[in-house]
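>>> got a predicted model here, sequence first, then my questions.
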Amino acid sequence: MVSTLEEVALHQQNIEKIEALGQLCPKLKILYLQNNLIGKIQNLHKLKELEYLNLAVNNVTKIQNLQRCESLKKLDLTINFVSKAGLLTVESLRHNIHLEELYLLGNPCADWPGYRQFVVAKLPHL
């Protein structure tokens with residue numbers, strides 16, 4: 001039954017690490033993980049149908065490990081810890097050709113005046 005879920009909300013659960021979702025819920029299209037303690041984007045590579053990932057208000061410092069989320073359209077990383085140096089990892093999303101929306105507001109990188117232009121230059125499909 002869990003294997004057919006398309007939407008899961010696990011916000012405000014004090015989750016520190018993403019584990020087993022790809023094995024348990026391979027059909028996920030929407031995943032809410034906001035307001036947790038997640039420091040690293042990981043273990044989502046089996047979620048080929050994932051369209052929306054909400055990781056707002058976590059401890060993420062780099063954008064990584066989403067290349068195999070082939071259907072990803074929207075990624076919310078609002079209020080995390082992506083620094084100007086961490087912003088260089090945005091290029092890892094270049095293979096996510098369906099990605100239309102990326103939210104980085106409230107991250108240290110958003111204080112850099114050129115961050116939006118940098119992101120659009122690296123990901124022109126946004």
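All right, it came through fine.
>>> now the helices for this protein?
Using DSSP state H, the helices of the chain run over 21-24, 115-122.
>>> buried ones in the first one, by neighbour count?
Read it as helix 21-24. Leu21, Gly22 (16 or more other Cβ atoms under 10 Å). (Each C-beta comes from the backbone N, C-alpha and C, glycine too.)
>>> also the longest one?
Of the residues in helix 115-122, those scored as buried under the neighbour-count criterion (16+ other Cβ under 10 Å) are Tyr115, Phe118, Val119, Lys122.
>>> what separation is there between the residue most central in space within the chain and Ser92?
The residue lying closest to the centre of the chain (Cα atoms, centre = their mean) is Leu75, at 4.7 Å. Applying Cβ to Cβ, to the nearest Å, the value for Leu75 to Ser92 is 11 Å.
>>> check Val57 too.
On the measure of Cβ to Cβ, Val57 and Ser92 end up 22 Å apart.
>>> between these two, which has more neighbouring residues?
Higher neighbour count among Val57 and Ser92: Val57, with 20 against 17, using other Cβ atoms under 10 Å.
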